[in-house]
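[1] how does the following fold in three dimensions:
(chains A, B, C and D)
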There are 2 protein chains.
Amino acid sequence: MTSAERREQIIQAATSVFGDRGYHGTTTDQVAKAAGISQPYVVRMFGTKEALFLEVINAALAMLLVSFREQLAEHRSSGEPAEALVPKLGNAFIDLVKTRGLHRSLMQGFVSGGDPVIGVAARRGFLEVYAFLRDEAGFAPEEVQTFLSYGMLTSVLLCIEMPSLFGRDSDATELACAAFGHKLDLVLETMGPDAASA
Amino acid sequence: MTSAERREQIIQAATSVFGDRGYHGTTTDQVAKAAGISQPYVVRMFGTKEALFLEVINAALAMLLVSFREQLAEHRSSGEPAEALVPKLGNAFIDLVKTRGLHRSLMQGFVSGGDPVIGVAARRGFLEVYAFLRDEAGFAPEEVQTFLSYGMLTSVLLCIEMPSLFGRDSDATELACAAFGHKLDLVLETMGPDAASA
DNA sequence: GTCTATACGAAGATAGAC
DNA sequence: GTCTATCTTCGTATAGAC
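    Have a look, this model is predicted:
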C-alpha cells in the first residue's frame, strides 16, 4: 500500500477511536490495531499522537465543510426558497454522523480546547464553520447562532448516546424526538440494531 | 481536617482539573497537588479515579439544579411574567461557570458518554435537567429544547475558550457577542484579565 | 487522617532489521 | 513500507508506618 493510502486509512481508523475515547483516552496502539498495522508505524507516520489528532480533526472539519458546500450548491441550483437550506444542512450533518467517529472527534477536540495546541485548532475550526454559514450560506448572525445551537445540542445528545434509551425511557424518547425529528430513524440506524429495534 | 471536609475539598480540586483535562487526561496526582495532599490519599478517599470522576459530575449536576431551583423559587415569588424565567436560568448557568471547572467537567462527562459507566451517569444527569425544565419550571418540550440548545452552544464556546479571542478576531467577537449577549462581561471576567483587557 | 515507599502495568517513542 | 524489540516514563493502586 502506498504511503498516501496508508495515511488516509490510519486517519479513518484514528477518527473512530479518538471519537470514542478522546485524545488522552486513546492509545496509538488502539489506532494501530484498528488500522491493522503496528503501533510504531502509526507514530512513524505522524510523528506524535498529538500531530495525528490534529490531522483527524482537520480532516473531519474539511469533510464537514465539503458536505455543507455540496448542499449549498445543490440548493442554489434547485431554486428552492431560502428556508429550505437549513434542513438540508442539518441532514448533511446527521449523515456525517454515520462516518464513524467524525462528529465525535470534533466534539472531543472542542472539549480539549483548553490545550494550547488543540485549542488553537478547535477555535479556528469552529470559526471556519461560522464564516461558512454567514458568508457563503448567507445566514444572518442570529440564524447562524440558532443553527449552531441546535447542532451543538444534537452533538451532545449523540455523544451521550441518548438515542440508545429511545423507547426505554419516556423522557429520553421525548427529547430524542424533539431534537432529531424526522432524522431520528437515521440516527437510530447509525447507533446499531440494538437501539433501532427498541 | 475532618474526612467530610477533605472530601469536599478534593472534589472541588478535582472538578477544576477534570474540567481542564478531561477524565483520561487527568492524573490522580494532579488532583492531589491541586488539593495540597498526597496522591495515594486521593485514591484512598474515593477508591478509584473513576469513582472520583463520577462524584465530580454528580456534584456539578447537583449544584446546577440547586441553582436553577433557587432561581425558580425567586421567580415565582416575584410575580414576574413567565418569560422572565429563561434569562434568569441562563444567568445562573453563567454564574456557575465561575465555579472553576464545574461546567467544563460536565461537558467532559458528556463527551465521555460512550464509556459504559460514565455514559450512564451522563444520560441520567442530562435527563434530570430536562425533567426539571419541563416538570418544575413548566417549559413546553420545544422551549426546553431551545433552552438546552443555547446552553450547549454556550458550553462548547466556553470549552474552546472562544471569548479569549474577543477583540482580536472579528468573527470570534461577533460570535461571542451573539452567544453571550449582556453576559459577555461576566464571561470575560471569568476567563482572566488577559481576555478582559482585550 | 495522612504520609512515604513501591509494585506493576501501561503507553509513547526510538532503534534497527527486513 | 513495515515490523519486532525495547527503552523510558508515567500513573494507578497497594502496603504499611506514623
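
[2] which other helices and strands contact the longest helix out of those in chain A?
    In terms of residue count, the longest helix belonging to chain A (DSSP state H) is helix A:49-78. Helices and strands touching helix A:49-78, by 3 or more Cβ pairs under 8 Å, 6 or more residues apart in numbering or on different chains; DSSP states H and E, are helix A:3-25, helix A:28-35, helix A:39-46, helix A:85-97, helix A:102-111, helix A:116-131. C-beta here means a position set from N, CA and C on the backbone, and glycine is covered the same way.

[3] what residue lies at the spatial centre of chain A?
    Closest to where the C-alpha atoms of chain A average out (Cα atoms, centre = their mean) is A:H103, at 1.4 Å.

[4] now do the same contact list for it.
    Taking Cβ atoms under 8 Å, 6 or more residues apart in numbering or on different chains, we find A:H103 in contact with A:G19, A:A60, A:F93, A:L96, A:V97, A:S155, A:L158.

[5] for DNA strand C, give me its nearest residue in chain A.
    Proximity of chain A to DNA strand C (Cβ to the nearest atom of the strand) peaks at A:P40, 3.0 Å away.

[6] ok, back up a step: do you know which of the helices and strands packed on helix A:49-78 lies nearest A:F166?
    helix A:85-97 (15.0 Å; Cβ to Cβ).

[7] so which residues make contact with the closest one?
    By Cβ under 8 Å, 6+ apart, the residues outside helix A:85-97 that reach it are A:63-64, A:67-68, A:70-72, A:74-75, A:102-103, A:137, A:143, A:147, A:150-151, A:154, A:158, A:180, A:183, A:186-187, A:190.

[8] quick check, the longest helix of chain A touching DNA strand D?
    No - interface with DNA strand D: helix A:49-78 contributes nothing (Cβ under 7 Å from any atom of the strand), its closest point being 13.3 Å away.

[9] least confident secondary structure element in chain A?
    Least confident helix or strand, chain A: helix A:193-196 with a mean of 64, by mean pLDDT, DSSP states H and E.

[10] residue numbers of chain A in contact with DNA strand D?
    A:M1, A:T2, A:S3, A:R6, A:G36, A:I37, A:S38, A:Q39, A:P40, A:Y41, A:R44.

[11] go again with 6 Å.
    By Cβ under 6 Å from any atom of the strand, the residues of chain A that approach DNA strand D are A:M1, A:T2, A:S3, A:R6, A:I37, A:S38, A:P40, A:Y41, A:R44.

[12] check contacts around the residue in chain A that DNA strand D sits nearest to.
    When scored by Cβ to the nearest atom of the strand, chain A has A:S3 as its residue closest to DNA strand D, at 2.5 Å. By Cβ under 8 Å, 6+ apart, the contact list for A:S3 reads A:M45.

[13] A:I37 in helix, strand or coil?
    When classified by DSSP: H, G, I helix; E, B strand; the rest coil, A:I37 comes out as coil.

[14] of the contacts of helix A:85-97, just the buried ones, PyMOL syntax please.
    Buried subset of those, written as a PyMOL selection, criterion 16 or more other Cβ atoms under 10 Å in any protein chain shown:
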select buried, chain A and resi 63+64+67+68+71+72+75+102+103+137+143+147+150+151+154+158+180+183+187+190
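
[15] okay, the most far-flung residue of chain A relative to its centre: pLDDT?
    Distance from the C-alpha centroid of chain A, by Cα atoms, centre = their mean, peaks at A:G79 (28.5 Å). Note for A:G79: predicted pLDDT of 95.

[16] quick check: phi and psi at it.
    phi 70, psi 20 (degrees, to the nearest 10).

[17] one more: A:G36?
    Backbone torsions for A:G36, taken as degrees, to the nearest 10, come to phi 70, psi 30.

[18] neighbours around it, how many?
    By other Cβ atoms under 10 Å in any protein chain shown, the residues close to A:G36 number 9.

[19] next one: it relative to chain B, how far apart?
    Distance of A:G36 to chain B, computed by Cβ to the nearest Cβ, to the nearest Å: 22 Å.

[20] just list the residues touching that residue, thanks.
    A:G36 touches nothing, counting by Cβ under 8 Å, 6+ apart.

[21] now do A:Y150
    Per Cβ under 8 Å, 6+ apart, neighbours of A:Y150: A:G90, A:A179, B:S149.

[22] now name the helix or strand holding it.
    Assigned by DSSP states H and E, A:Y150 falls within helix A:141-159.

[23] ok, A:V156 touching A:R104?
    No - with contacts counted by Cβ atoms under 8 Å, A:V156 stays clear of A:R104, the gap being 10.7 Å.

[24] my read: A:H75 touches A:P81, true?
    No - at 9.8 Å, A:H75 and A:P81 do not qualify as touching, with contact defined as Cβ under 8 Å.

[25] ok, A:T26 - contacts?
    A:A14, A:V17, A:F18, A:D20, A:K49, A:F53.

[26] so what does it look like in phi/psi?
    Taking degrees, to the nearest 10, you get phi -100, psi 140 for the backbone angles of A:T26.

[27] how close does it get to B:V111?
    From A:T26 across to B:V111, the span is 13 Å (Cβ to Cβ, to the nearest Å).

[28] what of A:T27?
    Distance, A:T27 to B:V111, using Cβ to Cβ: 18 Å.

[29] between these two, who's got more neighbours?
    Per other Cβ under 10 Å, whichever of A:T27 and B:V111 has more neighbours is B:V111, with 28 against 15.
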